[in-house]
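Engineer: only geometry, no sequence info:
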């Protein structure tokens with residue numbers, strides 16, 4: 001007999017959130033290391049701790065607050081995850097992507113994902129913002145493995161436009177209006193938690209990656225399976241191993257995200273204002 005408990009878990013989590021905040025969120029956001037500053041944009045937010053939501057995991061990484069915020073930005077109903085979950089924390093790929101299922105159940109139609117990433121493309125500079133046009137799944141995990149429930153999405157979802165062309169066009173227009181340099185490239189997701197070796201960075205550059213990180217891929221796969229449009233950004237917080245011949249640290253990641261905070265906030269605010 002098919003185990004449909006996952007559907008019940010989604011509905012239980014969504015019901016709890018709905019009881020705290022009655023409006024239907026249109027836009028979901030998942031904020032990476034140090035990028036929770038976007039939450040400052042939310043007007044009169046309702047804050048829910050992950051630990052209080054049924055079936056929700058808890059974030060254990062520095063720079064990830066572990067809170068759900070619901071409210072409005074430019075009159076649009078938004079749901080923000082201030083902190084995400086990673087495979088390297090020991091969570092299964094289904095757990096990492098579970099919040100996206102809950103977003104869909106709550107009514108989210110568009111998802112903005114952000115992450116802190118290492119620059120693989122040698123033309124990039126620390127502090128650049130990269131619009132994600134595609135990704136490479138080098139975690140070798142897929143959240144859709146196992147039974148497929150038609151209520152959640154089709155068995156074999158198309159991934160030829162994982163990151164919406166229309167939303168990327170809007171992002172470029174806003175960046176141009178604001179005078180913000182916006183790179184566009186391919187993100188490759190690895191397991192972590194150790195940073196990559198210089199040899200691994202040479203390998204992923206050969207494969208066509210422009211930025212490397214330890215998140216995002218599973219969430220985007222589930223979002224597309226659920227029919228949610230995705231817009232993704234990487235904040236280039238450091239150049240990847242071997243490029244500058246210096247050690248990498250999470251402290252550098254946090255310092256860089258703090259530095260790019262003003263332009264990143266302005267960009268996201270401008271984009272949300274233009275979303276239908």
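Structural biologist: Now that the structure is in, tell me what you want to look at. Quick caveat: nothing in here was measured; it's all calculated off a predicted structure. Numbers count the residues shown, from 1 in each chain.
Engineer: next, count neighbours for residue 46.
Structural biologist: 15 (other C-beta atoms under 10 Å). Every residue, glycine included, has its C-beta placed from N, CA and C.
Engineer: can you tell me the SS state at it?
Structural biologist: strand (DSSP: H, G, I helix; E, B strand; the rest coil).
Engineer: can I assume it is in contact with residue 20?
Structural biologist: Yes. With contact defined as C-beta atoms under 8 Å, residue 46 counts as touching residue 20 (5.8 Å).
Engineer: mind listing the strands for the stretch 51-200 of the chain?
Structural biologist: When assigned using DSSP state E, counting those that start in this stretch, the strands of the stretch 51-200 of the chain occupy the ranges 67-73, 76-82, 110-119, 129-137, 182-189.
Engineer: would JSON lines of those with mean neighbour count and distance to residue 173 be doable?
Structural biologist: Compiled in JSON lines, the strands of the stretch 51-200 of the chain are given as follows (neighbours: other C-beta atoms under 10 Å; distance: least, C-beta to C-beta, whole Å):
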{"stretch": "strand 67-73", "mean neighbour count": "21", "distance to residue 173": "18"}
{"stretch": "strand 76-82", "mean neighbour count": "23", "distance to residue 173": "17"}
{"stretch": "strand 110-119", "mean neighbour count": "26", "distance to residue 173": "16"}
{"stretch": "strand 129-137", "mean neighbour count": "20", "distance to residue 173": "12"}
{"stretch": "strand 182-189", "mean neighbour count": "23", "distance to residue 173": "10"}
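Engineer: what would those strands look like in CSV with distance to residue 270 and mean pLDDT?
Structural biologist: Shown next, in CSV, are the strands of the stretch 51-200 of the chain (distance: least, C-beta to C-beta, whole Å; pLDDT from 0 to 100):
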stretch, distance to residue 270, mean pLDDT
strand 67-73, 11, 94
strand 76-82, 12, 94
strand 110-119, 12, 94
strand 129-137, 13, 98
strand 182-189, 11, 98
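Engineer: among the ones you listed, which is nearest residue 99?
Structural biologist: strand 76-82 (5.9 Å; C-beta to C-beta).
Engineer: show me where pLDDT drops low in the protein?
Structural biologist: Low-confidence segments of the chain (pLDDT under 70): 1-3, 33-34, 59-65, 245.
Engineer: picking up where we left off before, overlap in contacts of residue 46 and residue 20?
Structural biologist: residue 70 (C-beta atoms under 8 Å, 6 or more residues apart in numbering).
Engineer: rewinding a little: could you export the strands of the stretch 51-200 of the chain as a markdown table, including distance to residue 196?
Structural biologist: A markdown table is the format used below for these (distance: least, C-beta to C-beta, whole Å):
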| stretch | distance to residue 196 |
| --- | --- |
| strand 67-73 | 30 |
| strand 76-82 | 25 |
| strand 110-119 | 7 |
| strand 129-137 | 13 |
| strand 182-189 | 9 |
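Engineer: out of those, which comes closest to residue 222?
Structural biologist: So among the strands of the stretch 51-200 of the chain, strand 110-119 is nearest, using C-beta to C-beta, at 9.6 Å.
Engineer: list the pairing partners of that closest one within its sheet, with orientation.
Structural biologist: strand 27-31 (parallel), strand 211-213 (antiparallel), strand 229-239 (parallel) (DSSP bridges).
Engineer: any idea which helix or strand comes after the second one?
Structural biologist: This means strand 211-213. As assigned by DSSP states H and E, the chain's next helix or strand after strand 211-213 is helix 217-225.
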